[in-house]
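>>> here is my input, please return the structure:
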Amino acid sequence: MRKTISLFVLLLMFTSYVYAQEPGPGDKIVYKQKTIIDFSDVTIQGELKKPDGSYISSRKEAQFGRLIKVRENFEPELFKSVDKL
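Coordinates of the predicted model:
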């Protein structure tokens with residue numbers, strides 16, 4: 001039994017190696033220019049689920065604090081930068 005399984009695994013590995021090889025320099029891969037997928041015969045069945053109105057109206061907007069502090073006075077840095085010119 002063990003020999004049969006190992007032989008089968010070996011055979012499977014060999015066949016997967018043969019089919020997994022990349023095309024050589026003489027092989028040419030040809031792709032279709034255009035692919036058309038028709039969804040007209042597809043029927044989707046299910047039910048639409050929406051949140052209740054009370055959930056939407058009771059939800060509050062999140063309040064976030066500022067991560068960057070805005071300064072009002074930049075004069076000391078401006079005067080220092082003039083000296084570097």
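
>>> CA only for contacts and neighbour counts going forward, please
Fine.

>>> below-threshold pLDDT in this protein: ranges please.
Scanning the chain for pLDDT under 70 picks out 14-24, 51-60.

>>> let's go with 90 and repeat that
Within the chain, the segments meeting pLDDT under 90 span 1-33, 35-85.

>>> where do the helices sit along it?
Along the chain, the segments classed as helices by DSSP state H run 2-19, 53-58, 75-83.

>>> restricting to C-alpha, output the last one in CSV.
This points to helix 75-83. Output of helix 75-83 as CSV, limited to C-alpha atoms (Å, rounded to 0.1, in the frame of the first residue of the first chain):
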residue,chain,number,x,y,z
GLU,A,75,8.3,86.1,13.8
PRO,A,76,11.3,84.7,15.7
GLU,A,77,11.9,82.1,13.0
LEU,A,78,11.5,84.6,10.3
PHE,A,79,14.1,86.9,11.8
LYS,A,80,16.6,84.1,12.2
SER,A,81,16.1,82.9,8.6
VAL,A,82,17.0,86.4,7.3
ASP,A,83,20.5,86.1,8.9
